[in-house]
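Undergrad: predicted structure and sequence below. I'll ask about it afterward.
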Amino acid sequence: MNELKDKIENNTATKEDIFEIIAKLDAGSLRVAEKKDGTWIVNTWVKEAVIKYFGYTENTDMSLGDFVFKDKIPLKNKFENVRIVPGGNSIRYGSYLSDNVIMMPPSYVNIGAYVGKGTMIDSNVLVGSCAQIGEKVHLSAGVQIGGVLEPSNAQPVIIEDNAFIGAGVIVVEGVLVSKNAVLAPGVVISASTRILEINKER
């Protein structure tokens, strides 16, 4: 892993190196961001590899019957212990869904995203590029988790374990939603949003 990191940082990575990094993202053995000693660390070099990946892929016909699709990134096709309900879901290659994730249609998971064990992705949900979703999170219907791909050193949107994200919530611009948080329906949170927390006393 350190060798791949060095190649990206020294701008010597080959096409094969980039594809290896994306394959590791797809398998969940590598992440765009990870929590170390209580602090989220962005793996900038991984995000840079995702950006470079687009330059190595070609726009390809991915049509299904009468439905015409063309894209530079294929759909994800390897899943284990995941429930994906029929009806129009799309999961891009280079994203990862862990065990016991449930995904209701129509929803979308973009490249670089990580979805933890037991998380519920309800209908009409967007999990944007590089978003990090924890374990046993509930993303209610219509939730939009923004993608943060560039700049490569920018923190992605992070939803920690056991959070409940109410219907129609929008979380963007690298916002961190902490463990066990509850967001009421319709809430919009960006990097400039002022947060007021209600406690037991008032």
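TA: Sure, I can see it.
Undergrad: so Pro151 sits in a strand?
TA: No: per DSSP: H, G, I helix; E, B strand; the rest coil, Pro151 lies outside any strand segment and is coil.
Undergrad: and the gap between it and Glu48?
TA: Distance from Pro151 to Glu48, counting by C-beta to C-beta, to the nearest Å: 10 Å. (C-beta placed from N, C-alpha, C; glycine too.)
Undergrad: which outside residues touch stretch 25-45?
TA: 1, 4-5, 8-9, 21, 24, 46-47, 50, 76, 78, 93-96, 98, 111-112, 114, 130, 132, 152-156, 158, 176 (C-beta atoms under 8 Å, 6 or more residues apart in numbering).
Undergrad: chain center to it, what's the gap?
TA: 11 Å (C-alpha atoms, centre = their mean, to the nearest Å).
Undergrad: do stretch 10-20 as well
TA: With C-alpha atoms, centre = their mean, you get 22 Å for stretch 10-20.
Undergrad: pLDDT weak spots in the protein?
TA: 200, 202 (pLDDT under 70).
Undergrad: excluding sequence neighbours, find me the nearest residue to the residue most central in space within it.
TA: Nearest to the mean C-alpha position of the chain, by C-alpha atoms, centre = their mean, lies Ala113 at 2.0 Å. In space, and not counting its chain neighbours, Ala113 is closest to Ser95: 4.3 Å by C-beta to C-beta, 6 or more residues apart in numbering.
Undergrad: separation between the one you found and Ser129?
TA: 9 Å.
Undergrad: picking that back up, ok, the residue nearest to the centre of the chain - contacts?
TA: By C-beta under 8 Å, 6+ apart, the neighbours of Ala113 are 95-96, 127-133, 147.
Undergrad: apply 10 Å and report the result again.
TA: Residues near Ala113 by C-beta atoms under 10 Å, 6 or more residues apart in numbering: 25, 31-32, 91-92, 94-97, 126-133, 145, 147, 156-157.
Undergrad: quick revisit: number of residues surrounding the residue nearest to Ala113?
TA: 24 (other C-beta atoms under 10 Å).
Undergrad: same question, the one 3 residues further on
TA: As a burial measure, the neighbour count of Ser98 was computed by other C-beta under 10 Å and equals 18.
Undergrad: for it, grab phi and psi.
TA: With angles defined as degrees, to the nearest 10, Ser98 sits at phi -80, psi -180.
Undergrad: the residue nearest to Ala113 against Cys130, yeah?
TA: Yes: using C-beta atoms under 10 Å, Ser95 is in contact with Cys130, at 9.2 Å.
Undergrad: mutual contacts of these two, please.
TA: Residues touching both Ser95 and Cys130 by C-beta under 10 Å, 6+ apart: 25, 110-114.
Undergrad: how about Leu176, phi and psi?
TA: The phi/psi pair for Leu176 (degrees, to the nearest 10) reads phi -100, psi 120.
Undergrad: ditto for Arg92
TA: Dihedral angles (degrees, to the nearest 10) for Arg92: phi -80, psi 140.
Undergrad: do Asp6 as well
TA: phi -60, psi -40.
Undergrad: contacting residues around it?
TA: Counted by C-beta under 10 Å, 6+ apart, Asp6 has contacts 12-13, 45.
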